[in-house]
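Engineer: no FASTA, just this:
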């Protein structure tokens with residue numbers, strides 16, 4: 001069942017986790033419809049939102065890998081409606 005989702009992430013130590021985060025995101029490039037990143041230099045964090053469309057297993061896999069990175073907080077909002 002395909003769904004649309006928004007993955008939100010806060011990188012609390014971007015200099016340490018940004019490259020690993022980007023590598024994981026790149027490995028799921030087939031799911032990604034859009035991405036917005038906001039570096040908050042004064043606060044020492046980066047905030048990233050990624051819109052994805054795909055099977056639930058793939059969305060969960062991506063979210064899980066991102067969430068396992070140290071100093072990365074991840075939340076996902078998933079549509080209730082299934083896509084055709």
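Structural biologist: On my side now, so go ahead. Computed from a prediction, not measured in an experiment: that's the story for all the values here. Residues are numbered from 1 along each chain as shown.
Engineer: Which helix runs longest in the chain?
Structural biologist: As assigned by DSSP state H, the longest helix anywhere in the chain is helix 14-27.
Engineer: What helices and strands are in contact with that helix?
Structural biologist: Helices and strands touching helix 14-27, by 3 or more Cβ pairs under 8 Å, 6 or more residues apart in numbering; DSSP states H and E, are strand 2-11, strand 32-40, strand 45-55, helix 56-67. C-beta: built from backbone N, CA, C; applies to glycine.
Engineer: Turn these into a markdown table, including distance to residue 19.
Structural biologist: Formatted as a markdown table, those follow (distance: least, Cβ to Cβ, whole Å):
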| stretch | distance to residue 19 |
| --- | --- |
| strand 2-11 | 11 |
| strand 32-40 | 13 |
| strand 45-55 | 12 |
| helix 56-67 | 13 |
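Engineer: which stretch among these comes nearest residue 73?
Structural biologist: Set against residue 73 and scored by Cβ to Cβ, the helices and strands packed on helix 14-27 come closest in strand 2-11, at 4.6 Å.
Engineer: thinking again about what came up before, and the average pLDDT for the longest helix of the chain is what?
Structural biologist: Mean per-residue pLDDT for helix 14-27: 96.
Engineer: Stretch 36-43 now?
Structural biologist: The average pLDDT within stretch 36-43 is 96.
Engineer: and it, how far out from the chain's middle?
Structural biologist: With Cα atoms, centre = their mean, to the nearest Å as the basis, stretch 36-43 stands 15 Å off its chain's centre.
Engineer: and if you look at stretch 20-37?
Structural biologist: Centroid separation between stretch 20-37 and its chain, computed with Cα atoms, centre = their mean, is 7 Å.
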